[in-house]
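Peer 1: pasting the sequence and the predicted coordinates here, then a few questions.
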Amino acid sequence: MSDFKPKILAFLCNWCSYAGADLAGVSRIQYPPSIRVVRTMCSGRVDPLFVIQALQDGFDGVFIGGCHIGDCHYQDGNLYTLHRMDMVAHLLDISGIGRDRVHLRWASAAEAQPFADHVTEITDVITKLGPFDKTTHELPLAALARALATRRLRWLVGIDRHISEEENVYLEKTDPEHFKKVLQEAVSAEYHKGLIQELITRGPVTVREMSEKTGLPVHTISLRLNDLERSGVAELDSCEERTPKFVASAA
Ligand code: FES
């Protein structure tokens, strides 16, 4: 394990972190050669699905670098990043992968040393976690990708700032704590549905088998399976010795 050198995918904002990385190079500041860089115009361009894709592609961790709050060249792109990555962290926790695989940091174009420090710190954390086994986590990753692609989560995480920071037409503001609770419930529900969807697309499966494969209680499976049946995504396939098996509905 001591020889392990993590491979970290770094999404760096063109205007700050990428320039900070460049300056660190020009200034010959040392940091671990663990990152592979993708330059984006803003940290807000980093779709949560990119993070999951990086883990599915075999990276051990992901680093998103953006401008400091208040310095985003597109005004509030990094505020969206902050909220989105909060949701990703919560999803990584409930999937068993853990939020420590993904890190969000701010560094300006002039902050070569802080940039190098961020890379060193993140590399240390991921080295301690060890290699990411994408095969073991294949099912949770597929379910995370499904959850993060749902209209429900994309919409909720897109409006959360506005709903809790601005008044609606009735001059009301939503309590941020209440909204956070709603979002977390939606995140769990969509992830659980993602797990079930993955299993039923792989062949007929009983509720108990789904429970064993996902580690979710039978009543949670039944509840979410009901949702999927109601939305036409899952259907009854057959009954073996009075035990129903479910599959994905034909499109
Ligand atoms: Fe750098 Fe938006 S431009 S985070």
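Peer 2: That came through, no problem.
Peer 1: list the buried residues of the lengthiest helix in the chain.
Peer 2: The residue-count maximum for a helix in the chain (DSSP state H) belongs to helix 176-201. By 16 or more other CB atoms under 10 Å, the buried positions in helix 176-201 come out as 179, 183, 186-200. Quick note: C-beta positions are derived from backbone N, CA and C, even for glycine.
Peer 1: pLDDT of stretch 157-170, averaged?
Peer 2: For stretch 157-170, mean pLDDT rounds to 74.
Peer 1: how many residues are close by the residue of the stretch 101-250 of the chain found nearest the ligand?
Peer 2: Proximity of the stretch 101-250 of the chain to the ligand (CB to the nearest ligand atom) peaks at residue 106, 7.9 Å away. Using other CB atoms under 10 Å, the number of residues around residue 106 comes to 25.
Peer 1: show me the strands in the stretch 51-200 of the chain, by range?
Peer 2: 61-66, 102-106 (DSSP state E, counting those that start in this stretch).
Peer 1: just name the most buried of those strands.
Peer 2: strand 61-66 (a mean of 27; mean count of other CB atoms under 10 Å).
Peer 1: how far off centre is it?
Peer 2: Put simply, strand 61-66 sits 12 Å off its chain's centre (CA atoms, centre = their mean, to the nearest Å).
Peer 1: what is that strand packed up against?
Peer 2: Contacting strand 61-66 under the criterion 3 or more CB pairs under 8 Å, 6 or more residues apart in numbering; DSSP states H and E are the following elements: strand 8-13, helix 17-26, helix 48-56, helix 77-95, strand 102-106, helix 112-129.
Peer 1: between these, which one is nearest to residue 220?
Peer 2: Smallest distance to residue 220 across the helices and strands packed on strand 61-66 (CB to CB): 11.8 Å, for helix 77-95.
Peer 1: pull out the buried positions in that closest one.
Peer 2: So for helix 77-95, counting by 16+ other CB under 10 Å, buried means 77-92, 95.
Peer 1: filter those by proximity to the ligand?
Peer 2: 77-78 (CB under 6 Å from any ligand atom).
Peer 1: follow-up on the earlier one: list the contacts of the residue of the stretch 101-250 of the chain closest to the ligand.
Peer 2: Residues near residue 106 by CB atoms under 8 Å, 6 or more residues apart in numbering: 16-17, 65-69, 78.
Peer 1: make a markdown table out of the residues you listed and add pLDDT.
Peer 2: Putting these into a markdown table (pLDDT from 0 to 100) gives the following:
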| residue | pLDDT |
| --- | --- |
| 16 | 96 |
| 17 | 96 |
| 65 | 98 |
| 66 | 97 |
| 67 | 97 |
| 68 | 97 |
| 69 | 95 |
| 78 | 94 |
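Peer 1: can you list the low-confidence ranges for this structure?
Peer 2: Applying pLDDT under 70 to the chain flags the ranges 1-2, 160-161, 251.
Peer 1: before we move on, the earlier item: which among the contacts of residue 106 gets closest to residue 140?
Peer 2: Once CB to CB is applied, the member of the contacts of residue 106 that ends up nearest residue 140 is residue 65, at 25.6 Å.
Peer 1: any idea what the closest one is bridged to?
Peer 2: residue 12, residue 105 (DSSP bridges).
Peer 1: residue 118 is in contact with that one, correct?
Peer 2: Yes - with contact defined as CB atoms under 8 Å, residue 65 and residue 118 form a contacting pair (7.0 Å).
Peer 1: any common contacting residues for the two?
Peer 2: Residues touching both residue 65 and residue 118 (CB under 8 Å, 6+ apart): 105, 107.
Peer 1: what does the stretch 1-150 of the chain put close to the ligand?
Peer 2: Applying CB under 6 Å from any ligand atom, we find that the stretch 1-150 of the chain lies next to the ligand at 13, 15-16, 42-44, 66-67, 72-74, 77-78.
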